[in-house]
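Engineer: Mind folding the following:
(4 chains)
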There are 2 protein chains.
Amino acid sequence: MINKEEFRRKIIISAGQIFSRYGFKKTTMDEIAKALKMGKSSIYYYFESKENIFEAVVLHEANILRNELTTAIKSVESPLDKMKSYVFVRMKAFEKLSNYYNAIFDKNLDHFDFIETIREKYDREELAILRLILYDGAKKKVFNVTNSEYTAMAIQTTLKGLEVPLFWKKKEEHIEKRLNAILDVLFYGIVNNH
Amino acid sequence: MINKEEFRRKIIISAGQIFSRYGFKKTTMDEIAKALKMGKSSIYYYFESKENIFEAVVLHEANILRNELTTAIKSVESPLDKMKSYVFVRMKAFEKLSNYYNAIFDKNLDHFDFIETIREKYDREELAILRLILYDGAKKKVFNVTNSEYTAMAIQTTLKGLEVPLFWKKKEEHIEKRLNAILDVLFYGIVNNH
DNA sequence: CGAATTATCGACCAATTCATTCGAAGGCTT
DNA sequence: AAGCCTTCGAATGAATTGGTCGATAATTCG
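Structural biologist: This is a model prediction of the structure:
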């Protein structure tokens, strides 16, 4: 009812929850359908395939993350706080993302080349944001960086390193504590402690 | 190597992690084998079947919970604190247990009759513990209960109600807060506020 | 050593699962 | 009632999966 696009959105939300919990492979169309209280075949009226839904979900998730990040840096003033909250929010998001990875790594990751596309675009955006924060911070003498472009890349690489699911495996550890520790390490070499 | 029983234990631990994450159905023998870095068929040297492993895992998990609960009530003195920490630890354990449920509920739960056996024994034990704490608390005028047997059953029923996975579905909510709220409600009618 | 026992593995199988298709049909608008 | 939009049950063919079996290392023991 209502609107086709509206319903597609509903499917994305619902399927997204299941995907994020069980990953691509372990999520069945039956489950997605059941969660939506509809017949399995009905879903094919809105999406071509399971992969198609997955793509929409990942895209949607990426947008959410982007919004979270932009609001995170908007809500604070100083470059240091901007950088802190950006890195913090992004790292926390990996907990969610790692669940997607978990099942994708299973096999033919190359099949999901749309992820590569999203990632590239996303990486460029992120680099620009980081560079900007660093540049501003350097100007205000909060950061001790001479080449913001270069340092931004270094930070991004660090963040990327945290993306591997391995990092999130041990659920027992308190994630917050770990993130804070990394934040400390990351800033120790950046902040200008005059 | 080492010992057959030792290795069975290794399998139980390793498989337990996967089961608790994905549930019975979504966990494959290949995954269990891979996690143990061994061939799938080798596992059948230690266990008869997948169900068999699952049974051992649940049994193991039940023992862990029992230990946690007994140490929880041993570590405090007053009946009120005993009751608080017992209920709290038990409720937190359900988060883990709900994952097992999640996949069992799928279909033929009746096939896992060993769970029924564990449960019954476990329930009896729990009832005895609760009754004891209540009785002691009543004697010390901390609790306002006349029939500890009866009240223990009421508390156990309340706890059981929380076991349904439905309760844990919405991951966003802060579980701790919710548990504390329930604890409050639970005690409001019990504690003797003279 | 060499025989017996213990432990591991790859190849295979039958049963099941799963994504996807398709035609029928319900329901809504005009 | 005609034409669309939407839903669904049944069917299907390919892939997955729990479990088996015989071969064969690896280890123990006389």
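
Engineer: okay, now the residue of chain A found nearest DNA strand D: neighbour count?
Structural biologist: The minimum distance from chain A to DNA strand D, using C-beta to the nearest atom of the strand, falls at A:S41 (2.7 Å). (Each C-beta comes from the backbone N, C-alpha and C, glycine too.) Residues lying near A:S41 (other C-beta atoms under 10 Å in any protein chain shown) number 9.

Engineer: how close does it get to B:T117?
Structural biologist: Taking C-beta to C-beta, to the nearest Å as the measure, A:S41 falls 41 Å from B:T117.

Engineer: Repeat that for A:Y46.
Structural biologist: When A:Y46 is compared with B:T117 (using C-beta to C-beta), they lie 45 Å apart.

Engineer: Neighbour count for the two, which is higher?
Structural biologist: Set A:Y46 next to B:T117 and count neighbours by other C-beta under 10 Å: A:Y46 wins out with 19 against 12.

Engineer: I'd assumed that one was in a strand, is it?
Structural biologist: No: residue assignment for A:Y46, taken from DSSP: H, G, I helix; E, B strand; the rest coil, gives coil, which places it outside any strand.

Engineer: That one reaches A:I11, doesn't it?
Structural biologist: Yes: using C-beta atoms under 8 Å, A:Y46 is in contact with A:I11, at 5.8 Å.

Engineer: Enumerate the residues of chain A near DNA strand D.
Structural biologist: Within chain A, the residues that sit near DNA strand D (C-beta under 7 Å from any atom of the strand) are A:1, A:3-4, A:7, A:38-42, A:45-46, A:107.

Engineer: filter the residues you listed to the buried ones?
Structural biologist: Neighbour-count burial (16 or more other C-beta atoms under 10 Å in any protein chain shown) applied to the residues of chain A next to DNA strand D gives A:7, A:46.

Engineer: Contacting DNA strand C as well, which ones from the residues of chain A next to DNA strand D?
Structural biologist: A:40-41.

Engineer: Redo the residues of chain A next to DNA strand D as CSV? Include secondary structure and pLDDT.
Structural biologist: Output for the residues of chain A next to DNA strand D, formatted as CSV (DSSP: H, G, I helix; E, B strand; the rest coil; pLDDT from 0 to 100):
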residue, secondary structure, pLDDT
A:M1, coil, 51
A:N3, coil, 83
A:K4, helix, 85
A:F7, helix, 92
A:M38, coil, 93
A:G39, coil, 92
A:K40, helix, 94
A:S41, helix, 95
A:S42, helix, 96
A:Y45, coil, 96
A:Y46, coil, 96
A:K107, coil, 47
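
Engineer: any idea which of the residues of chain A next to DNA strand D is closest to DNA strand C?
Structural biologist: Using C-beta to the nearest atom of the strand, the residues of chain A next to DNA strand D come closest to DNA strand C at A:S41, 3.4 Å.

Engineer: now the closest one: how far from A:F7?
Structural biologist: As judged by C-beta to C-beta, A:S41 and A:F7 stand 15 Å apart.

Engineer: go on, A:L59?
Structural biologist: Distance from A:L59 to A:F7, by C-beta to C-beta: 17 Å.

Engineer: Then A:V142?
Structural biologist: Taking C-beta to C-beta, one finds A:V142 at 48 Å from A:F7.

Engineer: cool, and A:E125?
Structural biologist: 30 Å.

Engineer: Where does pLDDT dip in chain A?
Structural biologist: Residue ranges of chain A with pLDDT under 70: A:1-2, A:94-113, A:161-194.

Engineer: DNA strand C contacts on chain A?
Structural biologist: A:27-30, A:40-41, A:44, A:48-51.

Engineer: What's the PyMOL syntax to select whichever of these are buried?
Structural biologist: To isolate the buried members of the residues of chain A next to DNA strand C in PyMOL, using 16+ other C-beta under 10 Å:
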select buried, chain A and resi 27+29+50
